[in-house]
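Undergrad: The sequence and its predicted three-dimensional model are supplied below.
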Amino acid sequence: MNSKILIYLACINMLMSENLPGSIEDIIERSRDILSIEMGCDDVHLHCTTGKIRLWFGRLTSHDVVAAVLQCFAKIDSTFNHEKEIICDYDRIPVYENHDYTLMSYGKTDGGYRALFNIQFSKQYALNHFIESIVRELRNGDLDKTIHWNGSIDRIILIGNELESLDSWNISKVEYKDEK
């Protein structure tokens, strides 16, 4: 075998055997009060607190990754929800309700009606439609979303553990209350 290949293989073996943090528990300091945890990969970034999660999806994020992230949320906590404002014709409002979106309010505006819907992640049909809408929006560029929930640091850690299977997923920042 060529000596360059042997050196290359030895370097790869060395890198793979390094003691890198294996999970979120290896990174955080449980003795301190955690304010927020940021995590993600090239295509997705999450800023997690106990009241909301700010999501960033890069424009090249695949359908599978969007689905994995949002379905992970629904699996961890059934209280996840998102408020979505949609401007549409009046007769389109029931179409969204048929997708299990809950109509919160609506009013006449330029270009139709401004309807505010609540999307409950516990409703699989609504979640699937929301995933599809995000994938469509990503065709126009990067996307920011805010998801509301009644979470806890332990559930944020569960989210991190669930999403570790995504390529290059890592914890980018842990903010503690005593740092403020």
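TA: Alright, I've got the coordinates. Numbers count the residues shown, from 1 in each chain.

Undergrad: List of residues touching stretch 93-106?
TA: 83-84, 86, 88, 113-120, 123, 125-126, 129 (Cβ atoms under 8 Å, 6 or more residues apart in numbering). Where you see a C-beta, it was placed from the backbone N, CA and C, and this is true even at glycine.

Undergrad: Tell me which residues of that stretch come out buried.
TA: 93, 96, 99-101, 106 (16 or more other Cβ atoms under 10 Å).

Undergrad: now stretch 122-138
TA: Neighbour counts over stretch 122-138 (16+ other Cβ under 10 Å) mark 123, 126-127, 129-131, 133-135, 138 as buried.

Undergrad: Tell me the one of the residues you listed nearest S168?
TA: L138 (18.8 Å; Cβ to Cβ).

Undergrad: related to what we said a few turns ago, narrow the buried residues of stretch 93-106 to those in helices?
TA: Per DSSP state H, helices hold the following members of those: 93, 96.

Undergrad: Max pairwise distance over the buried residues of stretch 93-106: which two?
TA: Maximum pairwise distance in the buried residues of stretch 93-106, criterion Cβ to Cβ, is 16.9 Å, between D100 and Y106.

Undergrad: Can you give me the domain assignment for the chain?
TA: 3-80+122-179, 84-120 (automatic domain parsing).

Undergrad: Among those domains, show the one with the smallest mean pLDDT.
TA: In terms of mean pLDDT, the lowest-scoring of the domains of the chain is domain 3-80+122-179 (a mean of 84).

Undergrad: Could you pull out the strands in the protein for me?
TA: 34-40, 44-48, 52-57, 81-88, 102-109, 112-120, 143-148, 170-176 (DSSP state E).

Undergrad: Perfect, I'm done here.
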